[in-house]
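1. missing the sequence, but the structure's below:
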């Protein structure tokens, strides 16, 4: 029944819909779905490549745009607290930026080879996310690594890599899994399958290690503070939460965040505070209602709602994480490598023969 499906004229359109739904479910329901959500989009690329028809770049752009538009629209519907007339441009721009990541990937793949092409896709996507983070683009929720706010036990190593480490994890799994599925040779399928298992297992074990290490070795001290005395609780912006700023001047164990002027829903805003707490290994105190504060521990676990005018006692951490010191170094490295790889592709396309070495897929 499904053997002839790739030959159907609607096959690529179905892949686009499947990819958009998968990405939406991954960011809304379970981040584990994101480990396979990009597979239909990668299949669109290979399918159109082997058709050898004119205008494949245009078709590729259209189908990828459809998939990513579904993702962005679903995210905006669920997580943005703004009317549609105020977010439509944001949705289209975000979709366009992400689609061009795939176009640049295809250009690089065609100019060099498939192996460099998939590597460039990871770099281009991380570069885009880094630019969105540093420029404060409103659709910061579509940073892939932010999806792990619902499964913080998997990403305790964010204190080293930050949220971009989660994005790189998702993208790498998609690439190796796709190569494992589509490779012509059984030995390649086994090798790439082993890579997938190793990356998943190592990341999980390291996450457990970092959580236990933080609890065991990080110096703590008892702090008692009146929540009504946190000066910036009514003035700090949502983007400052996303960047992990320590805003309580008298107690550096806290990240204060204001929800009222944010474009994100309360639940999503609270989810992102969990990841910022892990990145900085500090308690996060988030204003989620006019009179309620949410308390999140350094492991990204929501503890309780705290009345705004109350005394609060916590065991505050006194350690600065690697990520807090270095910032989004993965993003900076990705931008540097992406520029170099794209320029290499342009030069080789102009003056040298293409290296046809690639991973056989069909």
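-> That came through, no problem. This is a predicted model, so every value here is computed, not measured.

2. lowest confidence element among the helices and strands of this protein?
-> helix 238-242 (a mean of 36; mean pLDDT, DSSP states H and E).

3. how close does residue 12 get to residue 122?
-> Distance of residue 12 to residue 122, given as Cβ to Cβ, to the nearest Å: 23 Å. To be clear about C-beta, it is placed using only N, CA and C from the backbone, and glycine gets the same treatment.

4. am I right that residue 295 sits in a strand?
-> Yes. Counting by DSSP: H, G, I helix; E, B strand; the rest coil, residue 295 falls inside a strand.

5. how much space separates it from residue 90?
-> 31 Å.

6. between the two, who's got more neighbours?
-> residue 295 (20 against 17; other Cβ atoms under 10 Å).

7. hey, what's the more buried one bridged with?
-> Taking DSSP bridges as the rule, residue 295 bridges to residue 285, residue 304.

8. what's the spacing between it and residue 286?
-> 8 Å.

9. and what of residue 193?
-> With Cβ to Cβ as the criterion, residue 193 and residue 286 are 41 Å apart.

10. of these two, give the one with the bigger neighbour count.
-> Neighbour totals were compared for residue 193 and residue 286, and residue 286 leads with 27 against 16 (other Cβ under 10 Å).

11. which non-adjacent residue is nearest the residue positioned nearest the centre of the chain?
-> Nearest residue to the geometric centre of the chain (Cα atoms, centre = their mean): residue 144, 1.7 Å. Using Cβ to Cβ, 6 or more residues apart in numbering and skipping the chain neighbours, the partner closest in space to residue 144 is residue 167 (4.0 Å).

12. how far away is that neighbour from residue 132?
-> Between residue 167 and residue 132 the computed distance is 11 Å (Cβ to Cβ).

13. what sits in contact with each of these two?
-> Shared contacts of residue 167 and residue 132, defined by Cβ atoms under 8 Å, 6 or more residues apart in numbering, comprise residue 143.

14. more crowded one of these two?
-> Set residue 167 next to residue 132 and count neighbours by other Cβ under 10 Å: residue 167 wins out with 27 against 19.

15. quick check: which element contains the more buried one?
-> Element membership for residue 167, per DSSP states H and E: helix 163-182.

16. quick check: next helix or strand after that helix?
-> Of the helices and strands lying after helix 163-182 in sequence (DSSP H and E), the nearest is helix 186-217.

17. let me see the ranges of the helices in the stretch 51-200 of the chain.
-> Under the criterion DSSP state H, counting those that start in this stretch, helices of the stretch 51-200 of the chain are mapped to 56-79, 84-111, 114-135, 158-161, 163-182, 186-217.

18. tell me the contacts of residue 162?
-> 145, 279, 323, 327, 328, 330.

19. neighbours of the fourth one, how many?
-> Around residue 327 sit 14 other residues, with neighbours defined as other Cβ under 10 Å.

20. over to the first one?
-> The criterion is other Cβ under 10 Å. On that basis, residue 145 has 24 neighbouring residues.

21. mind pulling the model confidence for it?
-> The model reports residue 145 with a pLDDT of 95.

22. dump the residue contacts of the spatially closest residue to it that is not a sequence neighbour.
-> Excluding the flanking residues, the one nearest residue 145 by Cβ to Cβ, 6+ apart is residue 166, at 2.8 Å. Listed by Cβ under 8 Å, 6+ apart, the contact set of residue 166 reads 144, 145, 146, 147, 148, 155, 158.
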